[in-house]
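Participant: Sharing a model prediction with you, sequence too.
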Amino acid sequence: MRNPQSYNEKLQWLKLNDRSKLHVQCADKYAVRQHIKQKIGEKYLIPLIKETKNVEEITPDNLPEYPFIIKTNHDSGGITIVRDKQTIEWSKTRKKLAKQLKSTYANHKGEWQYKDIEPRLVVEKLLLTKEGDIPSDYKLHCFNGKVVYTQVDIGRQTNHKRNLYDINWNLLPFKYQGYQNGELIEKPLVYNKMVEIAERLAEDFICLRVDLYVIGYDIYFGELTFHSGSGFGKFEPKQWDYKLGEMLKLPINNH
């Protein structure tokens, strides 16, 4: 920790030394909406259907006829996708959600920012392409306020693949977290705007991953992440852990 070199090592340093109330707000999948509204505008937010701390409020009568997604605000993953609410066993789903509300993700590998988030359930409209598919997930990795590379997750609900592109949309020669490359993805028509949005959000942080979705010309905000892979991500080849580490500058005086 005195002289971190790799990307993963530097993420561990950031966990210990880079902390603020804004980190907590932005890790909260509900509270971050207010930050996004102030920073880049409400039009980038996925429509909110409901938020509640009471799992008993998650009933068909309180939910729309169109597809939606249910998630907790204080952990990672753990989403429930509902395309047709008539096909869901709601008592079973509420038990699952109640268990998630009691989880303590902050104890997971030192990601302290989740500790002070008050758990709640967030229900949002499910984004779908015109073909009825869940859109690709674009994760823009920003170091020191600038986009360094974009991670594209393809087919997360079917056959999960992952492509990594540099700022000029060239496919990068490494894999992250063991996922194989998928088919080549064309650069989004709104990619320059996506970069502008990501860098605007990254102004306040040393290292930030900005998740965005694109449907046509519309850009939607997904979430913000500070420690991708919790700083334990597997790189193939391993040298890319160090190449990315060279690009990420920390406020450390090593002399």
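Facilitator: Received, thanks. Every value quoted in this text rests on a predicted model; they were computed, and no experiment measured them.
Participant: How about the contacts made by residue 169?
Facilitator: 150, 187, 191 (C-beta atoms under 8 Å, 6 or more residues apart in numbering). Just so you know, the C-beta spots here come from the backbone N, C-alpha and C atoms, and that holds for glycine as well.
Participant: Mind checking which of those are buried?
Facilitator: 150, 191 (16 or more other C-beta atoms under 10 Å).
Participant: Of the contacts of residue 169, which belong to strands?
Facilitator: residue 150 (DSSP state E).
Participant: Throw the contacts of residue 169 into a markdown table and include pLDDT and distance to residue 17, thanks.
Facilitator: Converted to a markdown table, the contacts of residue 169 look like this (pLDDT from 0 to 100; distance: C-beta to C-beta, whole Å):
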| residue | pLDDT | distance to residue 17 |
| --- | --- | --- |
| 150 | 98 | 27 |
| 187 | 96 | 35 |
| 191 | 97 | 33 |
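Participant: Could you take the contacts of residue 169 and lay them out as JSON lines, with extra columns for distance to residue 175?
Facilitator: Supplementary listing: the contacts of residue 169 in JSON lines, determined by distance: C-beta to C-beta, whole Å:
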{"residue": "150", "distance to residue 175": "15"}
{"residue": "187", "distance to residue 175": "20"}
{"residue": "191", "distance to residue 175": "22"}
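Participant: Name the nearest of the contacts of residue 169 relative to residue 3.
Facilitator: Of all the contacts of residue 169, residue 3 sits closest to residue 150, with 29.1 Å by C-beta to C-beta.
Participant: my guess is that closest one meets residue 141, correct?
Facilitator: Yes. The pair residue 150 / residue 141 is scored as a contact, 7.2 Å apart, by C-beta atoms under 8 Å.
Participant: intersection of neighbour lists for these two?
Facilitator: Common contacts of residue 150 and residue 141 (C-beta under 8 Å, 6+ apart): none found.
Participant: In the protein, where is pLDDT below threshold?
Facilitator: 105-108, 157, 253-255 (pLDDT under 70).
Participant: show me the contacts for the residue nearest the centre of the chain.
Facilitator: The centroid of the chain falls nearest to residue 223 when counting by C-alpha atoms, centre = their mean (4.1 Å). For residue 223, the contacting residues are 29, 32, 211, by C-beta under 8 Å, 6+ apart.
Participant: And the second one, its phi and psi?
Facilitator: For residue 32, the backbone dihedrals are phi -60, psi -20 (criterion: degrees, to the nearest 10).
Participant: Which residue lies closest in space to it, excluding its sequence neighbours?
Facilitator: Among residues not flanking residue 32 along the chain, residue 26 sits closest, at 4.9 Å (C-beta to C-beta, 6 or more residues apart in numbering).
Participant: Tell me where the stretch 151-255 of the chain has helices.
Facilitator: Counting by DSSP state H, counting those that start in this stretch, the stretch 151-255 of the chain has helices at residues 191-202, 239-247.
Participant: Dump those helices into TSV; add distance to residue 84 as well.
Facilitator: Shown next, in TSV, are the helices of the stretch 151-255 of the chain (distance: least, C-beta to C-beta, whole Å):
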stretch	distance to residue 84
helix 191-202	31
helix 239-247	42
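Participant: now, of those helices, which is deepest in the fold?
Facilitator: Mean neighbour count (mean count of other C-beta atoms under 10 Å) peaks for helix 191-202 among these, with a mean of 18.
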